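In: Sequence isn't available, so here's the structure alone:
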Ligand code: ADP
């Protein structure tokens with residue numbers, strides 16, 4: 001195992017869980033691994049695929065993702081191919097499979113509909129199946145795919161072939177569902193900690209469209225790679241235009257663009273020819289670009305699973321990376337409109353729950369990493385240093401008991417039938433038509449909170465959400481929970497952080513600037529780009545940022561020293577060693 005790890009992959013050590021998972025696969029067991037994005041799942045099946053006889057069949061959801069994996073494997077001297085509707089050489093792939101010349105075969109789940117393919121699998125030696133991005137199997141997951149669910153047939157048709165399923169994001173419920181749907185038999189299950197210690201999570205209230213905040217954030221990431229997720233296609237176009245005007249290299253990516261244009265943009269991003277992709281969620285699933293330094297969301301995502309997958313695309317090389325989520329409370333309301341249109345009642349209620357969780361995450365004052373870990377059934381301590389909530393300075397608390405009681409009783413008196421803005425109007429004594437129609441000017445709560453501004457009451461309502469005192473009903477109406485009813489009855493004291501209260505009035509976009517620790521000698525970066533261009537592969541496949549910064553630090557001048565750097569294997573030493581050593585020897589500071 002170790003020999004192959006270093007020979008083919010150039011790594012000196014296994015990461016957490018890799019060895020155990022590989023050993024289980026080598027023992028021929030079914031396995032199920034939950035490991036955060038960037039945790040190194042691919043190696044867990046790629047290495048045993050090389051050690052086992054036969055071909056390993058990998059099911060993966062996206063062609064672009066498969067292409068990348070195959071490219072990276074071939075570059076390491078491993079025989080891997082992808083069979084897709086776009087493959088022109090299907091016949092020759094089939095022949096190579098019969099001749100046992102291939103170690104890893106990548107296919108989309110739809111491929112299993114083909115009788116010809118199933119017959120092929122029956123007549124060759126399949127070492128084991130891999131179900132990548134396995135959360136797509138579960139209806140409770142966030143990217144459910146019908147064809148993934150049908151992969152249950154693998155065990156029925158090939159009862160003696162082990163299956164390994166991998167995902168980055170599964171709640172305990174989803175994890176169970178996946179194992180059941182795939183008919184895994186007594187699987188070896190490993191669950192990595194969800195905590196990513198190189199990822200800084202920031203959540204901020206959006207000011208206007210958030211452009212100024214984005215600019216401010218990007219100041220420290222000039223020339224770095226990043227993804228900005230937007231709500232709509234139009235928005236992605238507008239943000240990309242705006243950034244280009246400000247001197248950033250940005251392109252937009254969404255389902256409204258032609259396949260060709262999208263694939264060009266994808267390639268440019270992978271090859272470091274464009275720094276920022278401004279996208280709808282159509283972009284980035286399974287993307288293996290190790291040097292993404294930041295991910296920004298311009299509004300509230302639909303689910304915490306989706307959010308964590310998206311931010312998880314940053315920092316796969318283990319270097320410091322940052323996520324910024326911009327939101328305001330109207331985001332949740334507009335997303336609810338979309339959910340409302342889902343016909344299937346079960347899916348709709350799952351989608352509402354996911355949105356509620358996402359909103360609670362955004363407004364929460366708890367450690368962000370801890371919040372996420374808990375949601376995925378993991379228990380961790382506060383991160384102390386990797387999220388906005390843990391790193392914010394000590395702030396004064398403001399007593400909002402009186403305003404909270406007013407809000408709770410207004411919700412109660414108006415029979416929990418109204419939404420946030422109505423409740424605020426009611427409390428501030430608005431003369432609106434709707435209030436008159438409902439004869440609510442007669443209620444005792446009418447106009448009792450005139451001394452508070454609209455923004456202040458919004459902050460109070462948000463705090464009540466955060467405390468679990470209220471929830472939103474299906475029609476955006478606010479409902480009291482047991483916690484809320486208790487607060488009302490016992491007149492419990494409610495406090496809010498001053499910055500959250502005043503943030504509602506005026507938001508400062510000044511944020512602390514963190515140092516980014518990627519020191520790479522420009523000459524080494526230039527050589528990497530030169531080789532990448534020659535070989536028409538992405539730069540990070542030649543060497544990752546992390547390996548390159550190790551070269552800068554260690555300045556290896558012999559083949560032995562070069563090979564000793566983490567990320568260099570024999571294949572890469574042979575291919576690129578001489579050229580890098582030559583450049584290193586010629587550096588001024590050597
Ligand atoms: P995942 O599929 O879990 O999101 P990947 O398999 O893409 O993660 O791995 C993330 C990054 O970590 C890749 O750049 C990969 O080459 C690197 N990596 C994987 N295993 C190791 C290891 N043992 N040592 C160093 N780097 C590794």
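Out: Done, it's in. Quick caveat, the model's predicted, so the values are computed rather than measured.

In: now for stretch 274-288, what's the gap between its first and last residues?
Out: Stretch 274-288 has an end-to-end distance of 16 Å (criterion: C-alpha to C-alpha, to the nearest Å).

In: Can you list the residue ranges for helices in the stretch 451-590 of the chain?
Out: Secondary structure of the stretch 451-590 of the chain, counting by DSSP state H, counting those that start in this stretch: helices at 454-466, 482-490, 498-503, 522-535, 539-542, 545-554, 559-563, 570-586.

In: Other residues contacting the top helix by length along the chain?
Out: For the chain, the helix with the greatest residue count under DSSP state H is helix 345-363. With contact meaning C-beta atoms under 8 Å, 6 or more residues apart in numbering, helix 345-363 is reached by 139-140, 142, 203, 300-305, 307, 325, 327, 329, 332, 335-336, 339-340, 342, 368, 371-372, 375, 462, 465-466, 471-472, 474. Using the backbone N, CA and C atoms, a C-beta is placed for each residue, glycine as well.

In: Report the buried members of the residues you listed.
Out: Neighbour-count burial (16 or more other C-beta atoms under 10 Å) applied to the contacts of helix 345-363 gives 140, 142, 203, 300-305, 307, 325, 327, 329, 332, 335-336, 339, 368, 371-372, 375, 462, 465-466, 471-472.

In: how much space between residue 76 and the ligand?
Out: In this structure, residue 76 and the ligand are 10 Å apart, going by C-beta to the nearest ligand atom, to the nearest Å.

In: Next, the buried residues of stretch 494-502.
Out: Buried residues in stretch 494-502, counted by 16+ other C-beta under 10 Å: 494, 496-497, 500-502.

In: Now find how far off-centre it is within its chain.
Out: Here the centre of stretch 494-502 is set off from its chain's centre by 30 Å, with C-alpha atoms, centre = their mean, to the nearest Å.

In: List of residues touching that stretch?
Out: Contacts of stretch 494-502 (C-beta under 8 Å, 6+ apart): 365, 392, 395-401, 404, 456, 459-460, 462-464, 467, 487.

In: ok, now with 10 Å
Out: Among residues not part of stretch 494-502, those counted as contacts by C-beta atoms under 10 Å, 6 or more residues apart in numbering are 205, 363, 365, 389, 392-405, 407-408, 455-456, 459-460, 462-464, 466-467, 469, 487, 503-504, 507-508.

In: Narrow those residues to those that are buried.
Out: For the contacts of stretch 494-502, buried by 16+ other C-beta under 10 Å: 205, 363, 365, 389, 398, 400, 403-405, 407-408, 456, 459-460, 462-464, 466-467, 469, 487, 503-504, 507.

In: Just give me the least confident of the buried residues of stretch 494-502.
Out: Minimum pLDDT for these is recorded at residue 502 (68).

In: wait, what's in contact with residue 537?
Out: Counted by C-beta under 10 Å, 6+ apart, residue 537 has contacts 71-72, 74-75, 270-271, 531.

In: repeat that with 7 Å
Out: 71, 75 (C-beta atoms under 7 Å, 6 or more residues apart in numbering).

In: ok, and the closest non-adjacent residue to the residue in the stretch 301-450 of the chain positioned nearest to the ligand?
Out: Of all residues in the stretch 301-450 of the chain, residue 316 sits closest to the ligand, at 4.4 Å by C-beta to the nearest ligand atom. The shortest distance from residue 316 to any non-neighbouring residue, by C-beta to C-beta, 6 or more residues apart in numbering, is to residue 38 (3.7 Å).

In: How many residues are close by that neighbour?
Out: Counted by other C-beta atoms under 10 Å, the residues lying close to residue 38 total 22.

In: which SS state does it fall under?
Out: Following DSSP: H, G, I helix; E, B strand; the rest coil, we place residue 38 in the coil state.

In: Pretty sure residue 137 sits against residue 178.
Out: Yes: between residue 137 and residue 178 there is a contact at 4.8 Å, judged by C-beta atoms under 7 Å.

In: wait, doesn't residue 251 sit right on residue 274?
Out: Yes: counting by C-beta under 7 Å, residue 251 touches residue 274, with 5.0 Å between them.

In: Next, count neighbours for the closest residue to residue 123 other than its chain neighbours.
Out: Closest residue to residue 123 apart from its sequence neighbours, by C-beta to C-beta, 6+ apart: residue 98 at 7.5 Å. By other C-beta under 10 Å, 12 other residues sit near residue 98.

In: same thing with residue 481?
Out: When counting by other C-beta under 10 Å, one arrives at 14 neighbours for residue 481.

In: mind checking how far residue 288 is from residue 13?
Out: With the distance defined as C-beta to C-beta, to the nearest Å, residue 288 ends up 20 Å from residue 13.

In: Comparing those two, which shows the higher neighbour count?
Out: Ranked by neighbour count (other C-beta under 10 Å), residue 288 and residue 13 place residue 288 first, with 20 against 10.

In: my read is the more buried one is in a helix, agree?
Out: No: per three-state DSSP, residue 288 lies outside any helix segment and is coil.

In: check contacts around it.
Out: 68-69, 72.

In: any idea how far the ligand is from it?
Out: In terms of C-beta to the nearest ligand atom, residue 288 sits 5 Å off from the ligand.

In: Show me what from this protein comes close to the ligand.
Out: Within the chain, the positions adjacent to the ligand are 11, 13-15, 18, 35, 37-43, 288, 290, 316-317, 544 by C-beta under 6 Å from any ligand atom.

In: how about a cut-off of 8 Å?
Out: Counting by C-beta under 8 Å from any ligand atom, the residues of the chain close to the ligand are 5, 9, 11-15, 18, 35-44, 72, 132, 166, 168, 286, 288, 290, 312, 316-318, 540, 544, 546, 566-567.

In: picking up where we left off before, contacts for the following helix or strand past the longest helix of the chain, please.
Out: Sequence order places helix 368-375 as the next helix or strand after helix 345-363, per DSSP states H and E. By C-beta under 7 Å, 6+ apart, the residues outside helix 368-375 that reach it are 171, 194-195, 201, 203, 304, 308, 357, 361, 364, 379-380, 382-383, 386-387, 389.

In: Quick check, residue 147 in contact with residue 107.
Out: No: under the criterion of C-beta under 7 Å, residue 147 makes no contact with residue 107, lying 10.9 Å away.

In: Those two - which one has more neighbours?
Out: The neighbour count for residue 147 versus residue 107, taken as other C-beta under 10 Å, is higher for residue 107 (21 against 16).

In: Domain map for the protein?
Out: Listed domain ranges for the chain are 2-191, 199-391, 397-501, 520-589 (source: automatic domain parsing).

In: residue ranges with poor pLDDT in the stretch 251-400 of the chain?
Out: For the stretch 251-400 of the chain, applying pLDDT under 70 flags the ranges 286, 393-395.

In: and the helices of the stretch 451-590 of the chain, which is most packed in?
Out: For these, the largest average neighbour count (mean count of other C-beta atoms under 10 Å) is found in helix 539-542, namely a mean of 24.

In: if we look at that helix, which residues are touching it?
Out: 71-72, 75, 271-272, 289-291, 528-529, 531-532, 576.

In: farthest pair in these?
Out: Taking C-beta to C-beta as the measure, the contacts of helix 539-542 span a maximum distance of 19.2 Å, between 289 and 576.

In: quick one: stretch 254-272 to chain centroid distance?
Out: 19 Å.

In: Report the buried residues of that stretch.
Out: Using 16+ other C-beta under 10 Å as the test for burial, stretch 254-272 gives 254, 257, 262, 264-266, 269-272.

In: ditto for stretch 44-57
Out: 44-50, 52, 55-57.

In: And the helices in the stretch 151-300 of the chain, which stretches?
Out: In the stretch 151-300 of the chain, the helices defined using DSSP H, counting those that start in this stretch lie at 153-157, 172-181, 211-218, 233-245, 259-270.

In: Tell me which residue of the stretch 451-590 of the chain lies closest to the ligand.
Out: Closest residue of the stretch 451-590 of the chain to the ligand, C-beta to the nearest ligand atom: residue 544 (5.6 Å).

In: isn't that residue right up against residue 290?
Out: Yes: the criterion here is C-beta under 7 Å, and residue 544 meets it with residue 290 at 4.6 Å.
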